[in-house]
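Colleague: fold the following for me, if possible:
(2 chains)
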Amino acid sequence: MQQLDTTVARGVLERAGVTAAVETVEGLGAVCRVPAAQTRAALLALRDSDLGFGFLVDLFGVDTGETIDIVYNLRSLTRDEELLVKAEHGYDATLASVWDIFPAALMPERETCEMFGLLLSGHPNPKRLLTTDGSEPFLRKSLEVRTAEEVRDRASQHVDAGALDITASSLADASAPAAETVALPASLPRVPAGVDVEHSQNLVLNMGPQHPSTHGVLRIILELDGEEIVAGETVVGYLHRGIEKLAESRRFNAVGTLMDRGDYVAGIHGELAFALATEKIAGIEVPRRANWLRVLLGELNRISSHIVWYGPMGLDSGAMGQFLYTFRDREALLDILEEITGQRMMFNYVRPGGVVNDITTTAEAKIRAFLETYDVYLEENAELLMGNEIFQARTRGVGIFDRQTALAFGLTGPNLRASGVNWDIRRDRPYAAYDEFEFDVPVAEAGDIYARCQVRLEEMRQSARIVRQCLDGMPEGEHTAKVAKVLRPPAGEAYAAVESPRGELGVHLVTDGSDTPYRMRYRPPALYALQAGEAFLPGNLIADGVVLMGSVDLILGEVDR
Amino acid sequence: MALDKLTGENSTLFIRSEQLFDVARRKSLWYMAFGIACCAIEGLMHASGPRYDFDRMGVFFRASPRQADVMIVAGTVNWKMAATVKRLYDEMPEPKWVVAMGACACAGGPFREYPNVIMGVDKVVPVDVYIPGCPPRPESVQYGFITLMNKIQAQTEERLAAARHDGS
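Modeller: Numbers count the residues shown, from 1 in each chain, chains lettered A, B, ... in the order given. Reported below is the predicted structural model:
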């Protein structure tokens, strides 16, 4: 990663007429503070200048106690530089949407506004995202979580579910002046303004939240003309459990339990992202062996996670057998993970400073035995589904995200690489011990569903390759650094990202010197994939829409957090 | 019971209809494919996958609540989800049972402190079997279903005993 020259950024902003303060902050890199009213101008200038900050990594808010900082995390892939743009807002402010500059901001903006009690202007579909009407702005610091007494007093809370109002109404600020919109990506079929259920002349069909092919509690509202989708709107929040809020009341080595349950099929990666961010702030040096163990477990977890995508991908496209074959392999993997970490899914294995325990000799033998059979099984599986003519006919040329669109919508991981962008956090921002390993980063050009399948399949092969290197070259040493039982990192701010099976899983951590985080932002790659899927539903047939949503690999635990 | 002796030619079996239905219900508990969170991977996907093979116990998934006997609530229920859970429960035909799987569905689990989370699905629908764990292993879910089968049988016997006591 290149360090951004702050004078260049200052010059770009000055030419756009923005009064900004740009500085370099330890742990974060370049940070730029802009006045709230000039955010749009600043972002537009940064995107269109030579700096080329065309990729919005994340958008979130931080309640500092006096103001609400809205943070835009920008990345320039051409120059390999990063920049945080911060804009201060008051507690009753209106956030001007930047979705036409960065379509990736569509859902994060809605989430930020409801969670901090702000209004939203200039957004095509300014509804609440995760919560329903009447919910408090949970992420404000003034709001407390339930106390132990309240939790103990369970009987007092009776729920009349039939009378619950679950409408999520608009957060739009009607009085705000309309901003001038800039040109949208050319491939976008229509403005993602949701489905107007009341005034639509077409058939409106509801899918979910209970539907076998929505991969959890996703609800999709479809407006149909015959079998063709005219408009699609995804409704999420059915699994919103406040991971970000609860992390503010957990100690640093206990937040891993929450991260596990965020992206629940790839727990190691969530834990790792949080541990990396904590280590950055606390300045903990991790032993080499611990880093290798992190890589080993991470890659085993990646295979097991891709399996959960590959099997149901078959189900979505009408092939039941795939599910049974792949879950046979996953059972063997979970046995290994269980032996090392003690749990099948919720590992809580990676902690700040290292990992919980070393691998056993029997585990090593099991991994070797697994890899031997898996090489054969993987090729067999690939033949069965990917080699199937019907599957190919259904997935080739369907649901295409071209390069520009994929970047504009903030896609990461296999979804981005399937659109021809050669970007992998493991190689381009090496963490743990990935710089010591040899592996290829698979890239496909087509950007359709089949390309995404190809990339993931090749990733599984590469993961097996990394696991082999891990076993052969595992260094001796301690599996964890000496870390205090109760960590109290100094006040600071850090961003750490890992390449989870779904893409860039980032943790933006703000600490204040106490034994709990001040604010933890979980960057959910699946949320960004979901909004791209939603925007590209129109024009597809219903059956293709189902495969499209499946192909971006959604985990609703991560989308809703 | 030597079944071949009972099913021979001209053989007749006298059984109370209640008992006959009881056998049918216990041996084909079809659950609704409705996974909420992490538990769904273990309790629904792995349990019906090739190793644990729920199918051999007569437990199989149905996509529609109209065809289901059991609802496995596999995950955290929050305020937005509660109405859907209740509605799905109402849509299931009688007799029906609910299995609360995992710490979240039992009592809110690790998220119980968050105001948006309902502390246990029993606040929304009546629950027959609670399976602790976070997430419970597929074996636990199968044990939960065996418990549910025993419970169904016990209820039948209770009803029969009550009927005998009435002298009907």
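
Colleague: need phi/psi at A:G503.
Modeller: With angles defined as degrees, to the nearest 10, A:G503 sits at phi 140, psi -150.

Colleague: which residues touch it?
Modeller: Contacts for A:G503 (Cβ atoms under 8 Å, 6 or more residues apart in numbering or on different chains) come out as A:L411, A:T412, A:G413, A:P414, A:N415, A:L416, A:P525, A:A526, A:Y528, A:A529. Any C-beta I mention is one placed from the backbone N, CA and C, and that applies to glycine too.

Colleague: please redo it, this time with the cut-off set to 6 Å
Modeller: When contacts are counted by Cβ atoms under 6 Å, 6 or more residues apart in numbering or on different chains, A:G503 is found next to A:T412, A:G413, A:P525.

Colleague: give me the most central residue, chain B.
Modeller: Taking Cα atoms, centre = their mean, the centroid of chain B lies closest to B:V70, which sits 4.0 Å from it.

Colleague: could you give the backbone dihedrals for that one?
Modeller: Torsion angles, degrees, to the nearest 10, at B:V70: phi -120, psi 140.

Colleague: hmm, B:A33 and it touching each other?
Modeller: No. Assessed by Cβ atoms under 6 Å, B:V70 is found out of contact with B:A33, at 11.2 Å.

Colleague: quick one on the thing from earlier: so how far is B:Y130 from the residue nearest to the centre of chain B?
Modeller: 14 Å (Cβ to Cβ, to the nearest Å).

Colleague: low pLDDT regions in the chain?
Modeller: I'll assume chain A. Applying pLDDT under 70 to chain A picks out residues A:154-157, A:161-162, A:177-181, A:212-214.

Colleague: wait, I meant chain B there
Modeller: For chain B (pLDDT under 70), the answer is B:1-8, B:167-168.

Colleague: let me see the ranges of the helices in it.
Modeller: With helices called from DSSP state H, chain B shows them at B:3-6, B:17-27, B:38-39, B:79-91, B:102-107, B:138-166.

Colleague: packing partners for the fourth one?
Modeller: Right, helix B:79-91. If you count contacts as 3 or more Cβ pairs under 6 Å, 6 or more residues apart in numbering or on different chains; DSSP states H and E, helix B:79-91 packs onto no helix or strand.

Colleague: show me what counts as buried in it.
Modeller: B:W79, B:K80, B:M81, B:A82, B:A83, B:T84, B:V85, B:K86, B:L88, B:Y89 (16 or more other Cβ atoms under 10 Å in any protein chain shown).

Colleague: please name the nearest non-neighbouring residue to the third one.
Modeller: It refers to B:M81. Excluding the flanking residues, the one nearest B:M81 by Cβ to Cβ, 6 or more residues apart in numbering or on different chains is A:Y238, at 4.6 Å.

Colleague: what's the helix or strand for the one you found?
Modeller: Under the criterion DSSP states H and E, no helix or strand holds A:Y238.

Colleague: touching, it and A:L218? I think so.
Modeller: No. Between A:Y238 and A:L218 there is no contact under Cβ under 6 Å: 7.7 Å.

Colleague: rewinding a little: among the helices of chain B, which is the most enclosed?
Modeller: helix B:38-39 (a mean of 29; mean count of other Cβ atoms under 10 Å in any protein chain shown).

Colleague: is chain A contacted by that one?
Modeller: Yes. Helix B:38-39 lies within reach of chain A by Cβ under 6 Å from any Cβ of the partner chain, at B:C38.

Colleague: check which helices and strands that helix sits against.
Modeller: Short answer (3+ Cβ pairs under 6 Å, 6+ apart): helix B:38-39 packs on no helix or strand.

Colleague: what does the stretch 101-250 of chain A put close to chain B?
Modeller: Counting by Cβ under 6 Å from any Cβ, the stretch 101-250 of chain A comes close to chain B at A:132, A:145-146, A:151, A:154, A:159, A:161-162, A:164, A:166, A:209-210, A:212, A:217, A:237-242, A:246.

Colleague: do that again at 8 Å, thanks
Modeller: A:130-132, A:135-136, A:138, A:145-146, A:151, A:154, A:157-159, A:161-162, A:164, A:166, A:209-212, A:216-217, A:237-243, A:245-246, A:249 (Cβ under 8 Å from any Cβ of the partner chain).

Colleague: list only buried entries from those residues.
Modeller: For these, a burial check counting by 16+ other Cβ under 10 Å picks out A:130-132, A:135, A:138, A:145-146, A:159, A:161, A:164, A:166, A:209-212, A:216-217, A:237-243, A:245-246.

Colleague: just these: which are in helices?
Modeller: Counting by DSSP H, these contribute A:I243, A:K245, A:L246 to helices.

Colleague: so how far is B:V117 from the second one?
Modeller: According to Cβ to Cβ, A:K245 stands 11 Å off from B:V117.

Colleague: what's the answer for the last one, then?
Modeller: In this structure, A:L246 lies at 10 Å from B:V117, with Cβ to Cβ as the measure.

Colleague: need the overlap of contacts for these two.
Modeller: Residues touching both A:L246 and B:V117 by Cβ under 8 Å, 6+ apart: B:F111.

Colleague: hang on, the earlier thing: A:I425 is nearest to which of the helices of chain B?
Modeller: Relative to A:I425, the nearest member of these by Cβ to Cβ is helix B:38-39, separated by 24.1 Å.

Colleague: how far is the closest one from where the chain is centred?
Modeller: Relative to the chain's own centre, helix B:38-39 is displaced by 17 Å; criterion: Cα atoms, centre = their mean, to the nearest Å.

Colleague: do the same with stretch A:489-505
Modeller: Worked out by Cα atoms, centre = their mean, stretch A:489-505 lies 11 Å from the chain centre.

Colleague: how about that stretch: buried residues?
Modeller: So, applying 16+ other Cβ under 10 Å, buried residues of stretch A:489-505: A:489, A:492-505.

Colleague: same check, this time on stretch A:193-206
Modeller: Those would be A:G194, A:V195, A:V204, for stretch A:193-206 by 16+ other Cβ under 10 Å.

Colleague: ok, now stretch A:333-342?
Modeller: Residues of stretch A:333-342 classed as buried: A:L333, A:L334, A:I336, A:L337, A:I340, A:T341 (neighbour count, 16+ other Cβ under 10 Å).

Colleague: just stretch A:535-551 next, same as before
Modeller: For stretch A:535-551, by 16+ other Cβ under 10 Å, it's A:535-538, A:540, A:542, A:544-551.

Colleague: would that stretch count as contacting chain B?
Modeller: No. Using Cβ under 8 Å from any Cβ, stretch A:535-551 stays clear of chain B, coming no nearer than 12.9 Å.

Colleague: now the terminal residues of that stretch, how far apart.
Modeller: By Cα to Cα, to the nearest Å, the extent of stretch A:535-551 from end to end equals 14 Å.

Colleague: contact partners of that stretch?
Modeller: A:103, A:106, A:188-190, A:192, A:205, A:213-215, A:218, A:220, A:222, A:224, A:227-232, A:309, A:312-313, A:316-317, A:394-395, A:398-401, A:405, A:409, A:449, A:452-453, A:530, A:533.
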